[in-house]
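> any chance you can model this:
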Amino acid sequence: MTPDTFRDPSTSQLQHALSSHLMMLGQTQEARIILAIEAIQSSKKITLRTAAKLYNVPHSTLSDRMNGHSTIYERRPANHNLTKTEEEVIVQYILDLDARGFAP
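Residues are numbered from 1 along each chain as shown. Sure, this is the predicted structure:
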C-alpha cells in the first residue's frame, strides 16, 4: 500500500513521517512491528490490518504483540530445567565461591 492509496491526507502524512522514521531504524521485522504498534496507538484512523500492510509485518504477529505477547527471543526455551531466578542464584553462588578462592 502506498501513500497514494489513502484518501485521508492526515493518514498519508502520518505514513510518510513514519516511513522516514522506519528508514532510520533499519529494516528489521522487529523495528517494523514496533513502528506499526506506535502508528496504531498514535492514530485512531490506522487499523491493525492497515498498519500490518504498511509496515510489511504479519497481521497475526502484530495482533499478538498488541495483545501483550512477547517475542520469541524474549521467551525462555521450554527445555530449560531451571527458572531464571534459580539460575541467577547458582551463578551468584559460584561467583562467591570463586571470590573466596574456592573451586566452584
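> phi, psi for Ile72 please.
phi -60, psi -40 (degrees, to the nearest 10).
> what is the burial count for it?
Neighbour count of Ile72, defined by other Cβ atoms under 10 Å: 8. Every residue, glycine included, has its C-beta placed from N, CA and C.
> same deal with Ile37?
Ile37 has 17 nearby residues by other Cβ under 10 Å.
> just the element for it, please.
Taking DSSP states H and E as the definition, Ile37 sits inside helix 29-42.
> didn't Leu62 look like it was pressed against Ala52?
Yes. If you go by Cβ atoms under 8 Å, Leu62 and Ala52 touch, sitting 4.8 Å apart.
> list residues touching both of these two?
By Cβ atoms under 8 Å, 6 or more residues apart in numbering, Leu62 and Ala52 have these common neighbours: Ala36.
> of all the residues in the helix holding Ile37, which ones are buried?
The neighbour-count check on helix 29-42 (16 or more other Cβ atoms under 10 Å) flags 31-37, 39-40 as buried.
> from those, pick the one nearest Asn81.
Set against Asn81, the nearest of these by Cβ to Cβ is Ile33 (31.1 Å).
> who touches the closest one in this structure?
Contacts of Ile33 by Cβ under 8 Å, 6+ apart are 55, 57, 61-62, 65.
> where does the prediction get shaky in this structure?
Within the chain, the ranges that satisfy pLDDT under 70 run 1-27, 76.
> domain-wise, how is it divided?
3-73, 76-104 (automatic domain parsing).
> and among the ones you listed, the most buried is which?
Among the domains of the chain, ranked by average contacts under mean count of other Cβ atoms under 10 Å, first place goes to domain 3-73 (a mean of 14).
> grab the nearest non-local neighbour of Phe98.
Quick fix: residue 98 is Asp, not Phe. Once flanking residues are discounted, Asp98 sits nearest to Pro104: 6.0 Å by Cβ to Cβ, 6 or more residues apart in numbering.
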